[in-house]
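Asks: I would like to see how this sequence folds:
(2 chains)
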Amino acid sequence: MGTVQRVDDQNSTFASGAAVPRVVIVDDHRLFRSGVRGELGDAVDVVGEAGDVDSAVREIAEKRPDLVLLDVHLPGGGGGEVLRRVLPQHPEIRFLALSVSDAAEDVIGVVRGGARGYVTKTISGRELANAIVRVADGDAVFSPRLAGFVLDAFSATDAPPMDPELDRLTQREREVLRLIARGYAYKEVAKELFISVKTVETHVSSVLRKLQLSNRHELSRWATARKLV
Amino acid sequence: MTDTATRTPPAPQLTRPRRGRLVAGVGAGLARHLGIDAVVARLALLALAFGGIGIAVYVVLVLFTPVETEDAADTADPEAVRRRKGRDISQLIAYCALAGGLGVLALLFGGWFQPVLWFMVFGALGATILWQQANPAVREEWMASTVLAQSGKSWARTGAGVLLVVIGAIGFLAFQQQLTAARAGLTFALTIIAGISLIVAPWIIGLVRERDRERRERIRSQERAELAAHIHDSVLHTLTLIQRRAEDPREVQRLARVQERALRSWLYQRPADAETTVKAALERVAAEVEEAHGVPIEVVCVGDCPIDDGVQAELRAAREAMVNAAKYAGTDSISVFGEVEPEEVLVFVRDRGAGFDLDAIPEDRMGVRGSILGRMERHGGSARIRTAPGEGTEVQLRMPREKERKDEPA
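Replies: The predicted structure is shown next:
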């Protein structure tokens, strides 16, 4: 997991193959930022920090990191606001959402806003480093809890889907999500389903795309009921 | 006001009650027998009395209805009896006043079929409704909600009251042949009223706004006080404990974890779904095991349904699996995944700990065989354990849902 093979943006430092992702940490708790910095150690290169929406937008525009570690709850509009203001100008920057909140609307809101993954703050340093590398590489990272939310949101209802391609998970995608929800790492999921890790990543990315693009009414209802997106 | 008649038995015989009677208990007895309010029965008797029939009916009923038996009277709610006793005299006076008033009116206008009398009765009725509306209990409601948010029923009542008063007044004037004369006066009065309203309206609106603002302020400060109390009781308390136990990292972690869970459930969980559904129950079980054994347990649950007997057993088995993982796996986290499907409820308990050799477990070890495998099979479910030394353990529990529960919304 340490090195990154796939390169899809030219200004990435990954071209050398051995470089670590450049990261900006956005969180309103200074203590937490320094804690994460310490835990990540040499696994990533922390190039900047920010504590609220405005300074985060400035910092990201200035430092152009590969990845932003984004807290969902931020003074000045929350993580969603940062995504709204940064992504149109810098679509190449990846976001990994980080939150203490277990509330579905927070998680789904920030993922639909464009974050490519969601992990809880209880995650260990090693796992967080893994997740960062994975997201910086263009893959999606789902915590067990996010996988649970997605399964819930896409669970079968009587309402016919508006767009069958986007509004339904395939059988395989459901199996992958269920294993992730059960606490399996990608490698373990791959072993369990007799597929490659790459295929697992493809399935998860596809679920992420559906989650972000689907207009499925459960998602819209969630979003509107909580005044998100 | 209303005398809540004792309506305990389904079809009570016509008797005259010992308690709660005003004269001879005919009104109360009739009301009880017919299942209506005593006030209605009494008013009906009163009305009939003016035709003369009522008095005859009353006398006949007094003579021919038996008085209710001693023990039946004793079974009456003592509290209700006490209340009724206190009210008897004032009620009797009210009825007498009503009868007297109606009598005087009838004498004044020379008979029952004088329209003027009826208009006066209308007016009085409307006024009564309006006064009733403004009594302290109803006013309380007014204060609690904004005037616009009043219930439709309350508006209807006020409207009916105003209508009755207006009909009464206009009718009275019309029949006294004073309507034309009154019109001038009426115009004058309306103009004055409009003028006064214009002067007073801003002040009243100001008062209403002030009241609303104060109410909001009060609610906010109440919420703040509640929040402060909660933080004090839970978070500050735990922080103090953590400072005292600083030398014991395991205990500190446990305290922090327990507090986190409590705070989280207080913040995010709706109180409605506590304990009766799979999701809440699974989270509670995990919290208890975590608290007892100090190993963090991550619970993810998809879907939800009410708990039946089979699922109850499944939850117990899941608890046993969690306890085993916490005790023997030697890991720092346990994953629990619950999934409610239309036909069955699945629970997976997984750790990445030591694992063990399933065949090497002695027959008499109750934990795995009795509490997990046996329990699931007894209730029509199944359990699978996947483990090997060094590879962690996953307990898979599967329980079909009860058929009759399937129709209920999950």
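Asks: where in the stretch 151-300 of chain B is pLDDT low?
Replies: Within the stretch 151-300 of chain B, the stretches with pLDDT under 70 are B:151-153, B:177-179, B:268-275.
Asks: Contact residues of it facing chain A?
Replies: B:264, B:268, B:296, B:298, B:300 (CB under 8 Å from any CB of the partner chain). Yep, even glycine has a C-beta here, placed from its N, CA and C like the rest.
Asks: which one of the residues you listed is nearest chain A?
Replies: Chain A has its nearest neighbour among those in B:V300, at 3.7 Å by CB to the nearest CB.
Asks: Check the gap between the residue in chain A that chain B sits nearest to and A:S143 for me.
Replies: Minimum separation of chain A from chain B (CB to the nearest CB) falls at A:G183, amounting to 2.7 Å. As judged by CB to CB, to the nearest Å, A:G183 and A:S143 stand 10 Å apart.
Asks: Point out the residues in chain A that sit beside chain B.
Replies: Close to chain B, as judged by CB under 8 Å from any CB, chain A has residues A:101-103, A:122, A:144-145, A:147-148, A:151-152, A:155, A:178, A:181-184.
Asks: SS state for the residue of chain A closest to chain B?
Replies: On the three-state scheme (DSSP: H, G, I helix; E, B strand; the rest coil), A:G183 is labelled coil.
Asks: cool, B:M322 as well?
Replies: B:M322 ends up helix, using three-state DSSP.
Asks: For the spatially closest residue to it that is not a sequence neighbour, give me its contacts.
Replies: Nearest residue to B:M322 in three dimensions, chain neighbours excluded: B:V289, at 4.3 Å (CB to CB, 6 or more residues apart in numbering or on different chains). By CB atoms under 8 Å, 6 or more residues apart in numbering or on different chains, the contact set of B:V289 is B:295, B:297, B:319, B:322-323, B:326.
Asks: Most neighbours among those residues, please name it.
Replies: Among those, the one with the most neighbours (other CB atoms under 10 Å in any protein chain shown) is B:M322, at 27 neighbours.
Asks: so how many other residues sit close to B:R250?
Replies: Residues near B:R250, counting by other CB under 10 Å, number 9.
Asks: Does it lie in a helix or a strand, and which?
Replies: Element membership for B:R250, per DSSP states H and E: helix B:249-268.
Asks: Helix B:249-268 and whichever helix or strand comes after that helix, what's the angle between them?
Replies: Of the helices and strands lying after helix B:249-268 in sequence (DSSP H and E), the nearest is helix B:278-293. Orientation check (axes from the mean of the first three to the mean of the last three CA atoms, to 10 degrees): helix B:278-293 against helix B:249-268 gives 160 degrees.
Asks: CA atoms only: put the helix or strand just after helix B:278-293 into PDB for me.
Replies: The C-terminal neighbour of helix B:278-293 among helices and strands, as given by DSSP H and E, is strand B:297-302. Presented in PDB, the C-alpha positions along strand B:297-302 are these (Å, rounded to 0.1, in the frame of the first residue of the first chain):
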ATOM      1  CA  ILE B 297     -16.900  -2.200  19.800                       C
ATOM      2  CA  GLU B 298     -18.000  -0.600  16.500                       C
ATOM      3  CA  VAL B 299     -21.600  -1.300  15.600                       C
ATOM      4  CA  VAL B 300     -23.100  -0.800  12.200                       C
ATOM      5  CA  CYS B 301     -26.700  -1.700  11.600                       C
ATOM      6  CA  VAL B 302     -28.600  -1.700   8.300                       C
END
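Asks: Which other helices and strands does strand B:297-302 contact?
Replies: For strand B:297-302, the elements it packs on are helix A:144-153, helix B:278-293, strand B:334-340, judged by 3 or more CB pairs under 8 Å, 6 or more residues apart in numbering or on different chains; DSSP states H and E.
Asks: okay, now B:A325: neighbour count?
Replies: When neighbours are defined as other CB under 10 Å, B:A325 has 29 of them.
Asks: and what of A:G41?
Replies: Around A:G41 there are 11 residues (other CB under 10 Å).
Asks: Test my guess that it contacts A:R126.
Replies: No - the pair A:G41 / A:R126 is not scored as a contact, 9.6 Å apart, by CB atoms under 8 Å.
Asks: quick one on the thing from earlier: CA atoms only: put the helix holding B:R250 into PDB for me.
Replies: What follows is helix B:249-268 as a C-alpha-only set of coordinates in PDB (Å, rounded to 0.1, in the frame of the first residue of the first chain):
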ATOM      1  CA  PRO B 249      -4.200   4.100  30.700                       C
ATOM      2  CA  ARG B 250      -6.700   1.300  30.300                       C
ATOM      3  CA  GLU B 251      -9.100   2.700  32.800                       C
ATOM      4  CA  VAL B 252      -8.700   6.200  31.300                       C
ATOM      5  CA  GLN B 253      -9.500   4.800  27.900                       C
ATOM      6  CA  ARG B 254     -12.500   2.900  29.200                       C
ATOM      7  CA  LEU B 255     -13.900   6.000  30.900                       C
ATOM      8  CA  ALA B 256     -13.400   8.200  27.800                       C
ATOM      9  CA  ARG B 257     -15.100   5.600  25.700                       C
ATOM     10  CA  VAL B 258     -18.100   5.200  28.000                       C
ATOM     11  CA  GLN B 259     -18.500   8.900  28.100                       C
ATOM     12  CA  GLU B 260     -18.200   9.300  24.400                       C
ATOM     13  CA  ARG B 261     -20.900   6.700  23.800                       C
ATOM     14  CA  ALA B 262     -23.200   8.300  26.400                       C
ATOM     15  CA  LEU B 263     -22.700  11.700  24.900                       C
ATOM     16  CA  ARG B 264     -23.100  10.400  21.300                       C
ATOM     17  CA  SER B 265     -26.400   8.700  22.100                       C
ATOM     18  CA  TRP B 266     -27.600  11.800  23.900                       C
ATOM     19  CA  LEU B 267     -26.800  14.000  20.900                       C
ATOM     20  CA  TYR B 268     -27.800  11.800  18.000                       C
END
